[in-house]
Structure formats: C-alpha cells, structure tokens
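*Asks:* Sequence isn't available, so here's the structure alone:
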C-alpha cells in the first residue's frame with residue numbers, strides 16, 4: 001500500500017520533489033517507489049525524511065484537512081508536480097501487478 005498526501009504542494013522557488021519516509025513503512029516498497037520515480041518522473045528530486053518518532057519523540061501523523069476538499073487555487077499548488085508523482089504511483093502499481101511492456105517489433 002502506498003499512502004499519498006499533500007502531493008501537489010510546492011513552496012514557490014523550490015524544485016519539484018517526491019518525499020519518502022526514511023524508516024516508517026516497508027523499505028522495499030519505499031525503494032521501489034524511488035526507482036519508479038527515477039524511471040518515469042526523473043524531473044522530481046527524491047528525498048528521504050526521517051520521522052520525529054524515529055528520532056525519539058512521541059509522534060503521530062496528521063493531514064492538512066479532515067475533509068473532502070483541497071484548494072487547488074492556493075499559492076503553491078503545483079499540477080505539474082502532482083502529475084509527476086501520479087506517474088510514479090501508477091508505474092509502481094503496474095509493476096507490482098506484474099504488468100510488462102510488450103516489445104515494439
């Protein structure tokens with residue numbers, strides 16, 4: 001399973017990014033997503049982020065809203081970054097499901 005949240009936000013002036021957890025979750029799945037990003041969305045800068053919990057702080061995860069809407073017209077909402085990350089997610093799904101590209105002969 002891949003949880004995805006806040007995919008479209010980008011601080012103005014920063015490069016497009018894909019953040020991955022350093023320890024939380026399966027390292028194999030995290031590396032697979034990083035590999036898929038390198039293949040299908042090389043424009044994204046992939047970075048690994050340690051969790052507060054991993055650093056010894058009592059911690060949990062929260063999300064930007066507890067509702068169904070996110071405001072795409074807000075400053076920092078980047079549809080190109082969202083599309084790049086969506087390509088990574090879809091490629092990971094296809095790869096995991098065993099999808100293979102046919103040879104173009």
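*Replies:* Okay, I see it. None of the values given here were measured: they were computed from a predicted structure.
*Asks:* The residue nearest to the spatial centre of the chain in helix, strand or coil?
*Replies:* Using CA atoms, centre = their mean, the residue of the chain that lies closest to the mean C-alpha position is residue 18, 4.8 Å off. Three-state call for residue 18 (DSSP: H, G, I helix; E, B strand; the rest coil): strand.
*Asks:* Now do the strands in this protein.
*Replies:* In the chain, the segments counted as strands under DSSP state E are 17-21, 45-49.
*Asks:* Can you lay out those strands as JSON lines showing distance to residue 2 and mean pLDDT?
*Replies:* For every residue, glycine as well, the C-beta is placed using N, CA and C. JSON lines is the format used below for those (distance: least, CB to CB, whole Å; pLDDT from 0 to 100):
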{"stretch": "strand 17-21", "distance to residue 2": "10", "mean pLDDT": "87"}
{"stretch": "strand 45-49", "distance to residue 2": "14", "mean pLDDT": "87"}
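*Asks:* Any buried residues in stretch 28-37, and which?
*Replies:* 30, 32-34, 36-37 (16 or more other CB atoms under 10 Å).
*Asks:* again, but for stretch 15-26
*Replies:* Neighbour counts using 16+ other CB under 10 Å place 16-18, 20-21, 24 of stretch 15-26 among the buried residues.
*Asks:* Quick one: end-to-end distance for it.
*Replies:* 26 Å (CA to CA, to the nearest Å).
*Asks:* starting at the chain centroid, how far to it?
*Replies:* When distances are taken as CA atoms, centre = their mean, to the nearest Å, stretch 15-26 is centred 7 Å away from the chain's centroid.
*Asks:* picking that back up, export the strands of the chain to a markdown table and tack on distance to residue 100?
*Replies:* Shown next, in a markdown table, are these (distance: least, CB to CB, whole Å):
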| stretch | distance to residue 100 |
| --- | --- |
| strand 17-21 | 24 |
| strand 45-49 | 24 |
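*Asks:* so which of those comes closest to residue 92?
*Replies:* Residue 92 lies closest, by CB to CB, to one member of the strands of the chain: strand 17-21, at 11.4 Å.
*Asks:* Could you list every helix and strand in contact with the closest one?
*Replies:* Counting contacts by 3 or more CB pairs under 8 Å, 6 or more residues apart in numbering; DSSP states H and E, strand 17-21 is packed against helix 27-40, strand 45-49, helix 79-96.
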